[in-house]
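*Asks:* Have a look at this prediction, sequence included:
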Amino acid sequence: MPAVENAHCIADLKQLARRRIPEFAFDYIEEGCNANIAMQGNRRALDSVQLQPYYTDAYAKPQLHTKLFGKQYDLPFGIAPLGLSGLVWPQASVMHAETAQKTNTPFVLSTVATISIETAAAHAGDNLWFQLYPPADREICLDLLARAKSVGCENLVVTVDVPNPGRRIKAIKSGLSVPPKITPTSIWQSCQRPLWSLATVTHGLPQFANLTPYMDSKTMAMKDAAEFIRTKLRDVVDLAWLEWLREHWQGNLIVKGILTAHDAKAVMEIGVDGIVVSNHGGRQLDVAPSPVQALPNIVAAVDGGVTVMVDSGVESGIDVARYLALGAQAVFAGRGFMYGVAAGGQAGSDRCATLLQLELEQLMSQLHCSSPQALSKHLWR
Ligand SMILES: Cc1cc2nc3c(=O)[nH]c(=O)nc-3n(C[C@H](O)[C@H](O)[C@H](O)COP(=O)(O)O)c2cc1C
């Protein structure tokens with residue numbers, strides 16, 4: 001097991017991950033879509049956000065706790081939904097759930113993660129949130145909602161920015177599709193990562209564990225699962241869809257993938273509780289603006305009427321601070337936590353949370369900023 005304790009930033013975890021998992025699995029995490037413009041734009045936009053210190057203000061040690069939907073979390077960041085997680089390492093989502101439980105932060109389980117919502121709840125407790133890809137089959141949707149409710153999950157995150165899956169060039173070339181194509185290259189890449197291959201063979205090929213109860217056979221082949229997902233699972237979300245969901249979900253409803261004040265106001269008006277301003281880490285719409293560009297207008301437009309959260313491009317605690325300073329109430333990271341698991345399993349996932357926390361605390365201390373809510377005062381304008 002590589003010593004993730006020697007990873008001093010998320011870039012170090014990424015480097016360890018590259019050496020420990022096959023290239024096609026690494027590319028699955030890293031890639032944006034099309035020409036990767038939105039992903040690169042996220043980095044550029046975050047780097048352009050500067051924060052100013054107030055050295056004459058009274059100094060107090062930074063406190064990071066944050067209240068979201070009435071629950072107190074210890075940190076102002078969480079783990080974004082990550083599908084097909086078992087491809088990166090078996091039980092990756094269990095590790096993320098454990099990290100969330102230990103650090104008292106939100107963990108959002110993807111509909112297409114490779115562990116079930118029941119398993120996730122057993123590991124994340126009341127830190128579990130559930131992300132819904134809207135099923136075309138409403139009976140399945142209602143059953144998923146009932147399962148989320150019955151494990152005590154109160155926060156439902158519906159993703160709206162995948163009307164059509166993003167086009168990922170490396171994934172297409174390597175045959176990493178649903179179902180995956182086993183090619184001479186993928187076999188060769190797996191052979192070069194014997195630990196990953198052994199772990200994967202031991203646990204068996206990843207399954208879409210949330211969805212298997214709805215499939216004819218619990219052991220439905222990946223190929224049939226793919227067809228099932230295409231016909232029964234995927235639907236395109238619009239406001240009417242969200243209104244239907246609002247009627248059927250009594251817990252907190254959060255819409256992920258918002259990039260305009262127009263959409264933010266529309267979902268607020270139908271009674272949504274929160275939004276995640278996101279361009280899906282640059283994985284869906286290559287012409288999308290960065291949340292850095294979109295956030296200020298959205299925060300002003302909703303004017304406190306919904307909880308505004310954000311993700312995309314977070315590579316450090318400094319990035320978390322930048323988004324908080326722009327008005328987000330919480331920040332999610334995706335790839336960082338995937339690199340963590342790929343780099344060192346549970347210890348790597350925990351290490352990602354520790355690094356984000358360390359960097360955020362250190363930066364806030366340097367700014368004389370004592371709480372996440374006070375960061376906006378430090379935005380350089
Ligand atoms: C490997 C991977 C799988 C993802 N799967 C999902 C998913 O199933 N559902 C979803 O809403 N978003 C998914 N996302 C997007 C993340 O939830 C999040 O928006 C994005 O990763 C944030 O950007 P970052 O990775 O730069 O932190 C995925 C992202 C990655 C990297």
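*Replies:* Sure thing, it's come through.
*Asks:* Tell me the residues of the stretch 251-381 of the chain that contact the ligand?
*Replies:* 256, 278, 280-281, 283, 311-314, 333-335, 338 (C-beta under 6 Å from any ligand atom). From N, CA and C alone the C-beta is placed, and that goes for glycine too.
*Asks:* Counting neighbours, which of those residues comes out on top?
*Replies:* Neighbours here mean other C-beta atoms under 10 Å. Within these, the largest count is held by residue 312, at 33 neighbours.
*Asks:* Quick check: residue 246 touching residue 270?
*Replies:* Yes: the criterion here is C-beta atoms under 8 Å, and residue 246 meets it with residue 270 at 5.6 Å.
*Asks:* Would you check how far apart whichever residue of the stretch 51-200 of the chain sits closest to the ligand and residue 280 are?
*Replies:* Evaluated by C-beta to the nearest ligand atom, the stretch 51-200 of the chain has residue 83 as its residue closest to the ligand, separated by 2.8 Å. From residue 83 across to residue 280, the span is 11 Å (C-beta to C-beta, to the nearest Å).
*Asks:* In terms of helices and strands, where is residue 338?
*Replies:* In this structure, residue 338 sits in helix 335-367 according to DSSP states H and E.
*Asks:* Give the buried residues for that helix.
*Replies:* 335-357, 359-361, 363-364, 367 (16 or more other C-beta atoms under 10 Å).
*Asks:* Wait, a strand at residue 287?
*Replies:* No: judged by DSSP: H, G, I helix; E, B strand; the rest coil, residue 287 forms no part of a strand; its state is coil.
*Asks:* How much space separates it from residue 6?
*Replies:* 39 Å.
*Asks:* hang on, residue 318 packs against residue 359?
*Replies:* Yes: here residue 318 lies in contact with residue 359, judged by C-beta under 8 Å, at a distance of 5.8 Å.
*Asks:* What residues does the stretch 1-150 of the chain have near the ligand?
*Replies:* 28, 29, 80, 81, 82, 83, 110, 112, 131.
*Asks:* What number of residues are in the vicinity of the residue of the stretch 51-200 of the chain closest to the ligand?
*Replies:* 19.
*Asks:* List the contacts of it.
*Replies:* Going by C-beta atoms under 8 Å, 6 or more residues apart in numbering, residue 83 touches 110, 111, 112, 113.
*Asks:* Let me see the backbone angles for it.
*Replies:* phi -80, psi 160 (degrees, to the nearest 10).
*Asks:* And for residue 131?
*Replies:* When read as degrees, to the nearest 10, the backbone of residue 131 gives phi -100, psi 130.
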